[in-house]
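> coords below, sequence missing:
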Ligand SMILES: Nc1nc2c(ncn2[C@@H]2O[C@H](COP(=O)(O)OP(=O)(O)O)[C@@H](O)[C@H]2O)c(=O)[nH]1
Ligand SMILES: [Mg+2]
């Protein structure tokens, strides 16, 4: 079974499109963990009122009780996943569901992390802040060259993880989306197999971004330097 983890913050305008998209593109046996921070989140009533339209998707609404913020929502979702593989997806339709089949194939070939990659040949990012895009592109490409980690896009959260590998990695991240980078660099240092698949990232058309670039840059830097200088174990 595939566990799909979707952190949500007031995604009432996007969530039904996402569920429709998942139904059309991911045929595998699955559960969808929609992780929200507080009971008033606008996503919740929309999901509840439409459950019968999506009754074979294994939808679970999960309250993040690890503390507010996307880092805790992601940790909660990963912890509650019951599948052999976990796919992290954003609710705002930014991720490229057409490549999920290829990701599963790579998992079957023995890879432990399959990174959706905007910064390899065939991958792209459309829209989104130019500064954030340049910074993550520079970080991803330079880290591959300098540390030989086998992905150009370590910061993308659109990744598939083998659950048995996740169970061996303790997550320390406290900022936000850097958790994907933490898991990937730690897995690399421990000798797990990592690969990437080109994917196209689209900026949201509904709702607004909650990405806190200045707050989170130091957290990303920590894992950047960890990847460069920590010993392989
Ligand atoms: N639970 C939870 N989800 C969040 C939070 N902030 C963002 N998200 C979700 O994370 C995903 C990506 O968020 P977004 O703000 O669009 O980030 P961006 O695409 O990098 O600009 C979406 O599914 C959001 O609903 C948060 O504080 N808590
Ligand atoms: Mg977004």
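Looks like it arrived, so ask away. Quantities reported herein were computed from a predicted structural model and do not represent experimental measurements. Ligands and ions are numbered 1, 2, ... in the order given.
> hmm, the host helix or strand of residue 216 in reach of ligand 2?
For residue 216, the host element (DSSP states H and E) is helix 213-229. No: using Cβ under 5 Å from the ion, helix 213-229 stays clear of ligand 2, coming no nearer than 12.7 Å. From N, CA and C alone the C-beta is placed, and that goes for glycine too.
> what does stretch 117-134 give?
No: Stretch 117-134 does not reach ligand 2 (Cβ under 5 Å from the ion); its nearest approach is 7.4 Å.
> please identify the buried residues of that stretch?
Buried residues in stretch 117-134, defined by neighbour count with 16 or more other Cβ atoms under 10 Å: 117, 118, 119, 120, 123, 125, 128, 132, 133.
> tell me the one of the residues you listed nearest ligand 1?
residue 128 (6.6 Å; Cβ to the nearest ligand atom).
> who's in contact with that closest one?
Shown in contact with residue 128 (Cβ atoms under 8 Å, 6 or more residues apart in numbering): 201, 203, 209.
> what does residue 133 give?
residue 125.
> now residue 215
175, 176.
> OK, contacts around residue 102?
Residue 102 touches residue 197, counting by Cβ under 8 Å, 6+ apart.
> contact partners for residue 37?
Counting by Cβ under 8 Å, 6+ apart, residue 37 makes contact with 9, 63, 64, 68, 69, 72, 73.
> which of these count as buried?
Buried among the contacts of residue 37 by 16+ other Cβ under 10 Å: 9, 64, 69, 72, 73.
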